[in-house]
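Asker: starting from these lines, generate the structure:
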Amino acid sequence: MHQMELWQQFLEQEALPLRNAQVHKLHEFYIANRSEIVQGFVPLFGTLCEQILLQQERGELQSCSTIHVSLMRTRLIQGDPAYMLHASDRRQESEVPVSGFLYDASWIYSFMDQWIEECEDGRRRYMNRIDQAALEAWQAGQLYPFHIYMVLAVRHAMDTIRTMDSFEAIRKEVHFEVRVGEYQDQEVTESVYRFNGLQRSSIACKGWLESRLPNEYIYEHIAGVNLCNGNYAELDFNHARFEEVDLSGSSFEGASLLGTRFERCQCTQSNYGQTLLIDTDFRDCNLTGANFDGAWSERDTFIETHGLIYGIHGLRFQGANLSHATFRYARIAGDFTGTELEQVNFTGADLSGSRMLAQDRFRVELTSEQRASVEWVEA
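Answerer: Residues are numbered from 1 along each chain as shown. Predicted structure coming up:
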């Protein structure tokens with residue numbers, strides 16, 4: 001067999017299936033332990049915030065523009081996986097941080113280590129015809145399916161961190177972010193929290209969105225504006241955050257809302273038909289009469305080629321008002337616990353993976369098949 005064909009066979013039959021198996025194990029570990037993971041991370045972040053306050057008092061740090069959670073690849077190679085937590089102001093964005101706080105990420109990279117060990121066993125089964133250096137170089141490029149769990153953990157932890165006195169007390173730039181990435185690599189970094197202290201006016205914001213600029217709205221923070229009756233169909237709002245925004249009568253039909261958060265928003269009569277709603281968060285929103293017909297949201301969707309699992313949290317409606325909303329022929333794995341469900345239309349909807357309160361079992365009009373597919377939980 002030609003060397004290139006042998007290499008491709010090794011990837012398809014050994015390396016990738018083994019990687020995917022370890023990613024599944026890491027995913028299961030994260031789901032089972034995410035509360036404990038957050039509890040272990042938040043105090044360290046709080047200590048960093050206290051240090052930032054001291055630095056600002058001493059004049060060593062101006063208004064904070066970014067808090068970084070950065071993978072130390074050198075430490076990873078040395079078998080001591082850690083992320084450095086450090087802050088920067090506008091002057092220091094491109095500077096190497098003098099110090100920071102280290103977070104032990106062995107709970108993530110123990111799964112990657114096991115995968116690397118299994119790949120080496122597989123290489124031996126190929127009678128060492130797979131070049132070890134080439135394999136190690138390829139494996140180094142497979143970091144993201146494991147690293148993404150640090151992104152998920154910090155993003156989840158921000159719900160707690162943003163309420164902490166030490167975090168609120170930090171003097172921040174008008175455009176502030178928390179980012180998770182790789183140390184000193186601006187190409188491998190992802191926003192997990194963004195705060196825009198200087199918001200556009202309602203008219204300017206609506207015009208900006210309806211300009212339909214590609215890749216412009218991902219990770220954005222939009223707050224306190226009136227965007228009602230707008231056309232935002234087919235736009236990409238992945239991981240954006242709408243805070244106390246009036247979106248009544250607006251159309252998001254066909255939009256991508258992966259990980260998008262709507263915080264205390266007015267969404268009456270809004271249209272989310274045919275929309276991607278993986279891990280979208282509508283908690284405590286008013287969605288009276290909203291249209292979710294044909295929308296798509298599943299949990300634990302695995303993309304084998306990339307080794308990524310989407311739908312960690314599911315679609316969240318806790319505390320929302322969905323009175324008279326429609327989910328006709330939608331595919332929805334949603335958490336409807338504590339949701340107002342008066343006269344919601346679930347005709348033809350696939351509710352597999354959804355959760356509802358046991359007290360709503362016969363208040364919601366469902367088929368016997370739909371009712372059997374829902375997890376009914378006590379209040």
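
Asker: contacts, neighbours, all on C-alpha from now
Answerer: OK.

Asker: state the helix or strand in which residue 118 lies.
Answerer: helix 106-125 (DSSP states H and E).

Asker: same for the helix or strand following that helix, what does it pack against?
Answerer: Going down the chain from helix 106-125, the next helix or strand is helix 132-140, by DSSP H and E. Judged by 3 or more Cα pairs under 8 Å, 6 or more residues apart in numbering; DSSP states H and E, helix 132-140 has no packing partners among the helices and strands.

Asker: past helix 132-140, which element shows up next along the chain?
Answerer: Helix 132-140 is succeeded, C-terminally, by helix 144-161 (DSSP H and E).

Asker: list of residues touching that following helix?
Answerer: Here helix 144-161 makes contact (Cα atoms under 8 Å, 6 or more residues apart in numbering) with 23, 26-27, 30, 34, 37-38, 41-42, 45-46, 105, 108-109, 111-112, 167, 180-181, 190, 192-193, 306-308.

Asker: on that earlier part again, just the angle for the helix holding residue 118 relative to helix 144-161, thanks.
Answerer: With axes from the mean of the first three to the mean of the last three Cα atoms, to 10 degrees as the basis, helix 106-125 and helix 144-161 are set at 170 degrees to each other.

Asker: which parts of helix 106-125 are buried?
Answerer: Going by neighbour count (16 or more other Cα atoms under 10 Å), the buried part of helix 106-125 is 108, 109, 110, 111, 112, 115, 116, 118, 119, 120, 122, 123.

Asker: how about the fifth one, what does it touch?
Answerer: Under the criterion of Cα under 8 Å, 6+ apart, the contact partners of residue 112 comprise 19, 22, 146.

Asker: could you do the last one as well?
Answerer: Listed by Cα under 8 Å, 6+ apart, the contact set of residue 123 reads 129, 130, 132.

Asker: same deal with the fourth one?
Answerer: If a contact means Cα under 8 Å, 6+ apart, then residue 111 has 22, 23, 25, 26, 146 as its contacts.

Asker: contact partners for the third one?
Answerer: Neighbouring residues of residue 25 by Cα under 8 Å, 6+ apart: residue 111.

Asker: hmm, 10 Å instead?
Answerer: When contacts are counted by Cα atoms under 10 Å, 6 or more residues apart in numbering, residue 25 touches 19, 31, 111.

Asker: my read is it is in a strand, agree?
Answerer: No: with DSSP: H, G, I helix; E, B strand; the rest coil as the criterion, residue 25 is helix rather than part of a strand.

Asker: wait, doesn't residue 75 sit right on residue 106?
Answerer: No: using Cα atoms under 10 Å, residue 75 makes no contact with residue 106, being 11.1 Å away.

Asker: return every residue with contacts to both of these two.
Answerer: With Cα under 10 Å, 6+ apart, residue 75 and residue 106 have common neighbours 81, 82.

Asker: ok, what's across the strand from residue 241?
Answerer: Beta-bridge pairing for residue 241 (DSSP bridges): residue 221, residue 261.

Asker: isn't it up against residue 191?
Answerer: No: under the criterion of Cα under 10 Å, residue 241 is not in contact with residue 191, lying 11.6 Å apart.

Asker: and those two? Which one has more around it.
Answerer: residue 241 (24 against 19; other Cα atoms under 10 Å).

Asker: show me the contacts for the more buried one.
Answerer: 193-195, 217-223, 259-263, 281 are the contacts of residue 241 under Cα under 10 Å, 6+ apart.

Asker: now with 7 Å, please.
Answerer: 219, 220, 221, 222, 260, 261, 262 (Cα atoms under 7 Å, 6 or more residues apart in numbering).

Asker: can I get the residues you listed in a markdown table with distance to residue 342?
Answerer: Shown next, in a markdown table, are these (distance: Cα to Cα, whole Å):
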| residue | distance to residue 342 |
| --- | --- |
| 219 | 33 |
| 220 | 33 |
| 221 | 31 |
| 222 | 30 |
| 260 | 25 |
| 261 | 23 |
| 262 | 21 |
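
Asker: closest one of the residues you listed to residue 294?
Answerer: residue 260 (18.2 Å; Cα to Cα).

Asker: which residue is the nearest non-sequential neighbour of the closest one?
Answerer: Of all residues not flanking residue 260 in the chain, residue 239 sits nearest, at 4.3 Å (Cα to Cα, 6 or more residues apart in numbering).

Asker: thought residue 217 was touching that neighbour, still the case?
Answerer: No: using Cα atoms under 7 Å, residue 239 is not in contact with residue 217; the gap is 9.0 Å.

Asker: if you count what's nearby, which of those two comes out ahead?
Answerer: Using other Cα under 10 Å, the more surrounded residue of residue 239 and residue 217 is residue 239, with 24 against 19.

Asker: so what pLDDT did that one get?
Answerer: For residue 239, the model assigns a pLDDT of 97.
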